[in-house]
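Asks: Structure here, sequence nowhere to be found:
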């Protein structure tokens, strides 16, 4: 493989890693606050649908983005009401949200557009366009670094850069602010936070809503930047890969970047090669697709670098037991 | 049992309220997309149970959902949440296909028991690894079973495209099963009931009913079932009583996976008569809704499976009758049932309990303030990490 091919592959990996990264950081906020969220997939799907629908109506992708975030927030609110206010099972709530999104997007899509669950093709201002970073053309001829800057880093839609900026931002919020400290505490020992006079319910709702915003951006990216329009079930398990990446990253922002880039690279490799020959062994593309899940199971099994979830994760908080 | 309200309220009234709420919201959705929900409901019921043709499909789907529902329910009793029914059923299909394709079966009466063993063994095998990791390594069963669904799907695509595919054929499916392994359908067995010749309802339905009885005996009439329930109610108590957590987690998940795998005798051997890509079609997930609604009891599971059978078959018929209606509406109803019976259970339960408490005239001791886990609802499925 030549340098250009490697750069193209990495470029595609970055593109594919972006929705995973956003969803993974979304899950990070929620789970750090003690709310398990297996409904990332559903929220992404709902947002992908509504942002594409609104973008095609208005011709303005930003309206689409806000609508998508809105759709994701509604589902996040349902998850919050079920798992925080009514202390229901968070996993079951997540399963319900995934199905709700999977069904509603097609039912409403068919009613609005009658295109078999798709939205019309988006073009022009209804899509996020590629941004050329400053001096990209000027340095393109510099060996190695030139193509890396001009082709790998430059030329993505703005949401890719937003996602990358979210990594240090998440780290800063979680580990350098009072809100972040409380949010992490509520996921480890909610009783202590409550004793300190801080609202456990409020913090958990805040975390769930941040999760909604980030999955909303992830979904909008899928339908208005990565592809041009919504297709039935277009999230295609990415919410679960993000969940896998979250465990792989041991609930840490910078590790999340690494994990999602790795999983993005696996997807890019799977898209590019039908089968890979590694040291004379043919690796089928299905193996590449399954690899994120296999890696996650291995990590979960604790044989390599054990992943320990936030201690109060999945448990509804009750003031007095 | 929670003593705030009588038992019938817990197992009949609350599921019915939940179902009504789910249908109400679904009706609103149907109205919002500009269709008449009552008209849709009439078409749905007529399509599902209005003809022998409809019944054939309704009970076929019911059979699938009984198997997966029982599978999820058995795991719920041990407070394990098995989301992996989808993958376990797919592997069950592989088991059935291997059994049927390797032996020239002379008669279905011989092929069926072997296929049952194959389906259960492969389904249980696919549940065994997550179960072991939960029991010995503390990995969260929900996450591992989700991961195993995706791994199963990739594995099945690979096997069908590369190994099991008929040479020269373009479609990724196995060879057609031989005549000797064909399960008789409702038309063969009961020709006088008017089922069409090609009805998918087959003898697996009887196996499903036997499985209901078997699960009832297992959970409420055997020592193992007692241990599973005890473990589900309180792990420390079970441990104190000398029950091995590893054993219970493993055994309950193996049974759960085996039951989910059994679905394949209906879908793969009974209907498709070959292994195709994704023979499960979401039935593994429907099993979650069925087990929640059926309160993890075989009778409840049977009723809930029948309800979802009606919804699935009826939903297909409605989309032929009403142009703008898509069958994904059924997925919405399913989601709402899971939401109301599973996640928002306390929303319905608390007011109903209050009504029953206020109706009770005698002075009652103050309620213990433990609303988070009303004792003894294994369907809450709080699988501890």
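Replies: Here it is on my side, so go on. Keep in mind that what you see is a predicted model, and the values were worked out from it rather than measured.

Asks: use CA for all of it now, contacts and neighbours both
Replies: Fine.

Asks: got the phi/psi numbers for the closest residue to residue B:316 other than its chain neighbours?
Replies: Leaving out its chain neighbours, the residue that sits closest to residue B:316 by CA to CA, 6 or more residues apart in numbering or on different chains is residue B:327, at 5.7 Å. Backbone torsions for residue B:327, taken as degrees, to the nearest 10, come to phi -70, psi -10.

Asks: who's in contact with residue B:327?
Replies: The contact partners of residue B:327, taken as CA atoms under 8 Å, 6 or more residues apart in numbering or on different chains, are A:107, B:315-316, B:318-319.

Asks: Nearest to residue A:122, out of the residues you listed: which one, please.
Replies: residue A:107 (20.1 Å; CA to CA).

Asks: pLDDT wise, what is the closest one at?
Replies: Model confidence at residue A:107, given as pLDDT, is 92.

Asks: Point out the ones among the contacts of residue B:327 that are inside helices.
Replies: Judged by DSSP state H, these include A:107, B:315-316, B:318-319 as members of helices.

Asks: follow-up on the earlier one: distance check, the residue nearest to residue B:316 against residue B:314.
Replies: Separation of residue B:327 from residue B:314 (CA to CA, to the nearest Å) stands at 9 Å.

Asks: What of residue B:273?
Replies: From residue B:273 over to residue B:314 (counting by CA to CA), the distance is 24 Å.

Asks: quick one: which of these two has more around it?
Replies: Neighbour count, other CA atoms under 10 Å in any protein chain shown: between residue B:273 and residue B:314, residue B:314 has more, with 28 against 22.

Asks: pLDDT wise, what is the more buried one at?
Replies: pLDDT, residue B:314: 93.

Asks: May I have the residues that are in contact with it?
Replies: B:43-48, B:54, B:58.

Asks: got JSON lines for those, with distance to residue A:52 and neighbour count too?
Replies: JSON lines is the format used below for the contacts of residue B:314 (distance: CA to CA, whole Å; neighbours: other CA atoms under 10 Å in any protein chain shown):
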{"residue": "B:43", "distance to residue A:52": "32", "neighbour count": "21"}
{"residue": "B:44", "distance to residue A:52": "31", "neighbour count": "23"}
{"residue": "B:45", "distance to residue A:52": "35", "neighbour count": "18"}
{"residue": "B:46", "distance to residue A:52": "36", "neighbour count": "16"}
{"residue": "B:47", "distance to residue A:52": "34", "neighbour count": "27"}
{"residue": "B:48", "distance to residue A:52": "35", "neighbour count": "27"}
{"residue": "B:54", "distance to residue A:52": "37", "neighbour count": "22"}
{"residue": "B:58", "distance to residue A:52": "36", "neighbour count": "26"}
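
Asks: what would these look like in TSV with pLDDT, distance to residue A:67 and secondary structure?
Replies: Shown next, in TSV, are the contacts of residue B:314 (pLDDT from 0 to 100; distance: CA to CA, whole Å; DSSP: H, G, I helix; E, B strand; the rest coil):
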residue	pLDDT	distance to residue A:67	secondary structure
B:43	93	34	helix
B:44	92	33	helix
B:45	93	36	helix
B:46	94	38	helix
B:47	93	37	helix
B:48	94	37	helix
B:54	94	41	helix
B:58	96	39	helix
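
Asks: wait, which of the residues you listed is closest to residue B:135?
Replies: The closest of the contacts of residue B:314, once distances to residue B:135 are taken by CA to CA, is residue B:58, at 37.8 Å.

Asks: Quick check: phi and psi at the closest residue to the closest one other than its chain neighbours.
Replies: Nearest residue to residue B:58, sequence neighbours excluded (CA to CA, 6+ apart): residue B:309, at 4.7 Å. Dihedral pair for residue B:309: phi -60, psi -40, per degrees, to the nearest 10.

Asks: ok, now which ones touch residue B:309?
Replies: Residue B:309 neighbours (CA under 8 Å, 6+ apart): B:57-62, B:65.

Asks: out of those residues, who has the most neighbours?
Replies: residue B:65 (33 neighbours).

Asks: Might one say that that one is in contact with residue B:287?
Replies: Yes. Contact criterion CA atoms under 8 Å: residue B:65 and residue B:287 qualify, at 5.6 Å.

Asks: which bits of the stretch 51-200 of chain B sit near chain A?
Replies: B:133, B:137-140, B:144, B:146-148, B:150-151, B:154-155, B:157-158 (CA under 8 Å from any CA of the partner chain).

Asks: I'd like to know which of the residues you listed are buried.
Replies: B:133, B:137-140, B:144, B:146-148, B:150-151, B:154-155, B:157-158 (16 or more other CA atoms under 10 Å in any protein chain shown).

Asks: Which members of the residues you listed are positioned in helices?
Replies: Mapping those onto helices (DSSP H) picks out B:144, B:146-148, B:150-151, B:154-155, B:157-158.

Asks: all strands of the stretch 201-321 of chain A, in order?
Replies: Secondary structure of the stretch 201-321 of chain A (DSSP state E, counting those that start in this stretch): strands at A:275-278, A:281-284.

Asks: low-confidence ranges in the chain?
Replies: The chain I'm using is chain A. A:1, A:275, A:303-307, A:320-321 (pLDDT under 70).

Asks: if you could check chain B rather than the one you did, that'd help
Replies: In chain B, residues with pLDDT under 70: B:1-3, B:361-385.

Asks: Up against chain B, what does the stretch 51-200 of chain A have?
Replies: A:82-83, A:86-90, A:92-93, A:95-104, A:106-108, A:110-111, A:114.

Asks: Let me know the helix or strand that residue A:35 is in.
Replies: Using DSSP states H and E, residue A:35 is not contained in any helix or strand.

Asks: tell me the contacts of it?
Replies: A:83, A:90, A:187, A:204, A:208, A:313-315.

Asks: What residues does the stretch 201-321 of chain A have near chain B?
Replies: A:240, A:244, A:284, A:286-287, A:289-290, A:293-294, A:296-297, A:300-302, A:316, A:318, A:320-321.

Asks: roughly how far apart are the closest residue to chain B within the stretch 101-250 of chain A and residue A:119?
Replies: Going by CA to the nearest CA, chain B is nearest to residue A:103 of the stretch 101-250 of chain A, at 4.9 Å. Taking CA to CA as the measure, residue A:103 falls 15 Å from residue A:119.

Asks: Residue B:113 too?
Replies: To residue A:119, residue B:113 is 48 Å away according to CA to CA.

Asks: Tell me which of the two has more neighbours.
Replies: residue A:119 (26 against 12).

Asks: For residue 257, which residues are in contact?
Replies: As the question left the chain open, I've gone with chain A. A:21, A:164, A:167.

Asks: actually chain B
Replies: Taking CA under 8 Å, 6+ apart, one finds B:71, B:84-85, B:88-89, B:120, B:123-128 in contact with residue B:257.

Asks: State the distance from residue A:179 to residue A:317.
Replies: Taking CA to CA, one finds residue A:179 at 19 Å from residue A:317.

Asks: So the two - more neighbours on which side?
Replies: residue A:317 (22 against 14).

Asks: Contacts only, for that one.
Replies: Contacts for residue A:317 (CA under 8 Å, 6+ apart) come out as A:84, A:87, A:190-191, A:200.

Asks: Out of those, which sit inside helices?
Replies: Among these, the ones falling in helices (DSSP H) are A:190-191, A:200.

Asks: can you redo these as JSON lines with neighbour count?
Replies: Below are the ones in helices among the contacts of residue A:317 laid out as JSON lines (neighbours: other CA atoms under 10 Å in any protein chain shown):
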{"residue": "A:190", "neighbour count": "29"}
{"residue": "A:191", "neighbour count": "18"}
{"residue": "A:200", "neighbour count": "26"}
